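J.: predicted model follows, preceded by the sequence.
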Amino acid sequence: QKEVEQNSGPLSVPEGAIASLNCTYSDRGSQSFFWYRQYSGKSPELIMFIYSNGDKEDGRFTAQLNKASQYVSLLIRDSQPSDSATYLCAVRSNFGNEKLTFGTGTRLTIIP
Amino acid sequence: GAVVSQHPSWVICKSGTSVKIECRSLDFQATTMFWYRQFPKQSLMLMATSNEGSKATYEQGVEKDKFLINHASLTLSTLTVTSAHPEDSSFYICSARRTSRSSGANVLTFGAGSRLTVL
């Protein structure tokens, strides 16, 4: 079982709709969860992170965390063509360990 | 904002040669940097943790004698791929740990990556 799992996609969403990206993780002791966006041929850029159960909103992005279900998601409201990219979920096991384990990413395409 | 500069952005070399990749934190000090490798359509795989002033910590399966890491200052870490072979062709990405000014949390800032092609 992979430590961090994501559906590779591609996920196609009409412009203006909500894109929902999902991620599950196997280490129940994981503490921190990150969403990165990666454009083709570029390095990842941080979108947001979440530590606590529940929702965290930042502009058009909302991260949702459910530690009991070992599930974290990212919602993108009012999707724009510029949101088309691969979204990587990353998990950190504990606060003292800075290593991130990445999922394989979900490729998102926003259709104009 | 925090910037991590990585150089070169791409390099093509002959099999058997060595290639050095530099990673610099431009506006903050980074005692810890991380080196990742990403093959096409795959995720980032951590190769090693680079610590300023001490030896790097390598992940299981990563040859330390092949991938030499030097973290000589608080703003510079280098990765040298020694005796490169075609199977070493990949996208190498460094990242530096910093403290977010807005949240106080430790986050990683990535360099732009270096695409290595070994002929």
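T.: Perfect, thanks for sending it. Worth saying up front: this structure is predicted, and the values here are computed from it rather than measured.

J.: is chain B within reach of stretch A:67-74?
T.: No. Stretch A:67-74 lies apart from chain B when judged by CB under 8 Å from any CB of the partner chain; the minimum separation is 15.5 Å. Backbone N, C-alpha and C define where each C-beta goes, glycine included.

J.: contact residues of chain A facing chain B?
T.: So chain A meets chain B at A:4, A:8, A:32, A:34, A:36, A:41-46, A:49, A:51, A:88, A:98-105 (CB under 8 Å from any CB).

J.: again, 6 Å this time
T.: Contact residues, chain A versus chain B (CB under 6 Å from any CB of the partner chain): A:Ser43, A:Pro44, A:Leu46, A:Glu98, A:Lys99, A:Phe102, A:Gly103, A:Thr104.

J.: excluding chain neighbours, what is closest to the fifth one?
T.: Beyond its immediate neighbours in the sequence, the residue positioned closest to A:Lys99 (CB to CB, 6 or more residues apart in numbering or on different chains) is B:Leu46, lying 5.9 Å away.

J.: quick revisit: just the residues of chain A next to chain B: which are in helices?
T.: Among the residues of chain A next to chain B, no member is found in helices (DSSP state H).

J.: what residues does chain B put near chain A?
T.: Checking chain B against chain A by CB under 6 Å from any CB, the hits are B:Ser43, B:Leu44, B:Leu46, B:Ile93, B:Arg97, B:Val107, B:Phe110, B:Ala112, B:Gly113.

J.: and the two most separated of those residues?
T.: B:Ser43 and B:Arg97 (19.5 Å; CB to CB).

J.: looking at the two now, which is surrounded by more residues?
T.: Set B:Ser43 next to B:Arg97 and count neighbours by other CB atoms under 10 Å in any protein chain shown: B:Ser43 wins out with 22 against 17.

J.: lowest-pLDDT helix or strand in chain B?
T.: In chain B, the helix or strand scored least confidently by mean pLDDT, DSSP states H and E is strand B:106-110, which has a mean of 84.

J.: partners of it in the sheet?
T.: Here strand B:106-110 is paired, per DSSP bridges, with strand B:90-99 (antiparallel).
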